[in-house]
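> Build me a model from this:
(chains A and B)
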Amino acid sequence: MLSIFTGEEISAIWLSFKVALSSTLAIMPFALGFGLLLARRHFPGKTLLDSFLCLPLVMPPVTTGYLLLIFLGRRSFIGSFCEQFLHLRLSFTVMGAIIASAVVSFPLMLRAIKIAFEMADRRYEDAAATLGAPPLWCFMKVTLPLALPGLINGLILGFARSLGEFGATITFAGNIEGETRTIPLAVFSLMQTPGQESAAMKLVIISVIISFAAMAGSEILNRRMRKTLGGE
Amino acid sequence: MSLEFHGVRLPRHNFTLTLDVNIDDDVTGVFGHSGAGKTSLLHLIAGLERPSAGRLSFNGRVFFDVKKHIWVPPHLRRIGMVFQHARLFPHLNVRKNLLFASSFMAEKPDRKFFNEVVDLLELAPLLEHAVTRISGGEAQRTALGRVLLSKPELLLLDEPFSAIDMTLRRQILPFLWRIRRHFNIPMLIISHDLPDILRLTDKLLLMDKGNVAGKGSLTELVMEHNLLSAAGHAAAINVFDLTISAIENEDSVVMSANTGQAPKFYGLARPGMHSGMNVKAAIAPEDILISIRNDANTSARNIISGKIVNFSDHPARSFCRIDIGGGQNLLAEITRDSLHRLGLQIGSEVFCIFKASSLDIIPDNGATGS
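Numbering: from 1, shown residues only, chains lettered A, B, ... in the order given. Below is the predicted model:
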């Protein structure tokens, strides 16, 4: 089965999953926290924070990657600190690919999660409180279940966005085979090489299948959630 | 129970709710126009809204005191609330909704209490249903059961009938009577429909534009306060607790109160009525005819003699209160013109005449139910 793929292709597919999964897991707690904060609390500077966090959504990914190079690159303060004391190079490594993916997919996940919390009707929380439910219990047993379909949607959107990340990754993490060359970068490289069109097509098809599976999976999950939530 | 509001202020967009009142009747109806501040009053008691000033205590426990920075959060107050729309948790079925509170309560309700509530509210056939698949009336009953199982010390009902159509209201009211009799929980019930409240209690709190406009029984409010200007038309109604003593000529029921020399009332018999049954009978003041002679030559079945206690003189409508014996009063509407024509005064003997079909009778299931 594996013999139909070249080593290069397998490495690209594996790397894509590794990067997307890592970035999704890394940003999930932040997206949940900020999503809840933005949906439920009123504080000065809220709109500013919201806009700032969502900036990578509207900025061209290449400029995001460029900014990452400036702030996290080898010659930056943070970059040199990490390299000197933690022996961790951020730019042009797998870590860089994960960071680029995370930064670009974060706003997408945040927005979906924020909307999910906004849609979870607070009046149910009031009802739970008058029944004597402590706030944490209220959150775990009422808010979270009500928001769950939207939260899962957010995670899948973030994951899918990570899988497709190109601009910020190639700028900040480069296009190094086995290190940062994910599926989109591999397709790009193959397209640049004469005679490799069919190999590129193969990766494109794989990419389509993965995306389709992710969307279908989220839809099935959503439908099942709705069923357990009782209809409408 | 004793609910004490001291200088409580809660700014709303169009007025400031101002409360300085003691509520001590076990069942009190809160009545007023929409936007009079009724729901905000309940939210203040439940802890769902924070006042800008003042102090509230319930049975000696301080719920909030703005000056002393005291604020008891809603989940520690033990105040149950039934909302306008049932607010059942959509992700839980009826049984799990009912048992919601039991998962974190210190003293969990036992199986016996659960069954008691389920039986009382006739929820047994619904237990495994999804809450999105039950009717409005069933949802309100489930909400009532859910709140009872959290063992509240006070029950707040925010227009529990408004989402339900007229015929279903009739079905919910008896459940409230049952709860009242069976569990003896104090209640504060909001409605913009006065007849609804009066079927539950005669003790009223009248709200108008964020203020308490009056407190007392209906007759007191109609006579002493400007109830009707705040309440609008068709608000006043006479309600009597009666027991059926006989059914005559197949279509007519005879009822009387359990007190000594109480008058007899006649109403239309409906299937299921039997003698010994407790009912609530209501008659609107405008349906009552006042005569100074006992005119037996009329088809109207109810001819009740009494003495005029006093008159109310509103610009819009005028009423007289008539003592009909047995400690009961009847409120009848009469034009000023008729007052003069008949020469009525305080103490005048009159006959109140109304048709059996005008009397609105609801079986009071609560008394026989448990």
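> can you give me the helices in the stretch 201-350 of chain B?
Per DSSP state H, counting those that start in this stretch, the stretch 201-350 of chain B carries helices over the ranges B:218-224, B:227-231, B:336-342.
> Which of these comes out lowest on mean pLDDT?
For the helices of the stretch 201-350 of chain B, mean pLDDT drops lowest on helix B:227-231, to a mean of 54.
> Next, the buried residues of stretch A:200-209.
Residues of stretch A:200-209 classed as buried: A:200, A:202-203, A:206-207 (neighbour count, 16 or more other CB atoms under 10 Å in any protein chain shown). (Glycine included, C-beta is placed from N, CA and C.)
> scratch that, stretch A:181-192
A:181-187, A:189-190.
> where does chain A have low pLDDT?
The model of chain A has pLDDT under 70 over residues A:1-3, A:226-232.
> which non-adjacent residue is nearest the residue of the stretch 201-350 of chain B found nearest chain A?
Nearest residue of the stretch 201-350 of chain B to chain A, counting by CB to the nearest CB: B:Leu205, 20.1 Å away. Excluding the flanking residues, the one nearest B:Leu205 by CB to CB, 6 or more residues apart in numbering or on different chains is B:Val30, at 4.9 Å.
> tell me the secondary structure for the one you found?
Secondary structure assignment for B:Val30 (DSSP: H, G, I helix; E, B strand; the rest coil): strand.
> could I get the buried residues of stretch A:181-192 as a markdown table with distance to A:Ala129 and secondary structure?
Listed next are the buried residues of stretch A:181-192 as a markdown table, based on distance: CB to CB, whole Å; DSSP: H, G, I helix; E, B strand; the rest coil:
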| residue | distance to A:Ala129 | secondary structure |
| --- | --- | --- |
| A:Arg181 | 52 | coil |
| A:Thr182 | 47 | coil |
| A:Ile183 | 48 | helix |
| A:Pro184 | 48 | helix |
| A:Leu185 | 51 | helix |
| A:Ala186 | 53 | helix |
| A:Val187 | 53 | helix |
| A:Ser189 | 57 | helix |
| A:Leu190 | 58 | helix |
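> For these, which two are the farthest from each other?
Farthest pair in those (CB to CB) is A:Thr182 and A:Leu190. Separation: 12.9 Å.
> and chain B, which residues reach chain A?
Within reach of chain A by CB under 8 Å from any CB of the partner chain, chain B has these residues: B:46-48, B:73-81, B:83, B:87, B:89-91, B:93, B:100-101, B:103-105, B:130-133, B:146-147, B:150.
> Return the subset of these lying in helices.
Among the residues of chain B next to chain A, DSSP state H puts B:46, B:146-147 in helices.
> burial of the residue nearest to B:Leu205, as a residue count?
Neighbours of B:Val30 under the rule other CB atoms under 10 Å in any protein chain shown: 26.
> bridging residues for it?
Beta-bridge pairing of B:Val30 under DSSP bridges involves B:Ile190, B:Leu205.
> Please name the residues that touch it.
B:38, B:41-42, B:188-191, B:197, B:204-205, B:207 (CB atoms under 8 Å, 6 or more residues apart in numbering or on different chains).
> Mind putting the residues you listed into CSV with pLDDT, neighbour count and distance to B:Leu342?
Shown next, in CSV, are these (pLDDT from 0 to 100; neighbours: other CB atoms under 10 Å in any protein chain shown; distance: CB to CB, whole Å):
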residue, pLDDT, neighbour count, distance to B:Leu342
B:Lys38, 91, 22, 39
B:Leu41, 94, 29, 42
B:Leu42, 95, 24, 45
B:Leu188, 93, 26, 41
B:Ile189, 91, 24, 38
B:Ile190, 89, 24, 39
B:Ser191, 79, 23, 35
B:Ile197, 76, 25, 32
B:Leu204, 87, 25, 30
B:Leu205, 90, 23, 35
B:Met207, 87, 25, 36
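> Now A:Leu157, what are its backbone angles?
phi -60, psi -40 (degrees, to the nearest 10).
> and what of B:Arg77?
phi -90, psi -20.
> Apart from its chain neighbours, what residue comes closest to it?
Leaving aside its chain neighbours, B:Arg77 sits nearest to B:Gly47 (5.4 Å; criterion: CB to CB, 6+ apart).
> can you check B:Asn238 too?
B:Ile283 (5.0 Å).
> Any idea how many residues pack against the one you found?
Counted with other CB under 10 Å, B:Ile283 comes out at 23.
> same deal with the one 5 residues further on?
When counting by other CB under 10 Å, one arrives at 23 neighbours for B:Ile288.
> ok now the one helix or strand A:Met95 maps to, how far from the chain's centre?
Applying DSSP states H and E as the criterion places A:Met95 in helix A:94-119. In terms of CA atoms, centre = their mean, to the nearest Å, the centre of helix A:94-119 is set 5 Å apart from its chain centre.
> Kindly report the same for stretch A:17-24.
Stretch A:17-24 has its C-alpha centroid displaced from the chain centroid by 8 Å (CA atoms, centre = their mean).
> And the contacts of stretch A:110-122?
Here stretch A:110-122 makes contact (CB under 8 Å, 6+ apart) with A:31-32, A:34-36, A:38-40, A:53-54, A:57, A:142-143, A:146-151, A:153-154, A:157-158.
> can you pull the buried residues of it?
In terms of neighbour count (16+ other CB under 10 Å), stretch A:110-122 has its buried residues at A:110-117, A:120.
> which one of those sits closest to chain B?
A:Ala120 (10.3 Å).
> Quick check: phi and psi at that closest one.
phi -70, psi 110.
> Now do it against A:Gly35, distance only.
A:Ala120 sits 11 Å away from A:Gly35, going by CB to CB, to the nearest Å.
> CSV for the buried residues of stretch A:110-122, including distance to A:Gly73?
Below are the buried residues of stretch A:110-122 laid out as CSV (distance: CB to CB, whole Å):
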residue, distance to A:Gly73
A:Leu110, 25
A:Arg111, 28
A:Ala112, 30
A:Ile113, 30
A:Lys114, 31
A:Ile115, 34
A:Ala116, 35
A:Phe117, 35
A:Ala120, 41
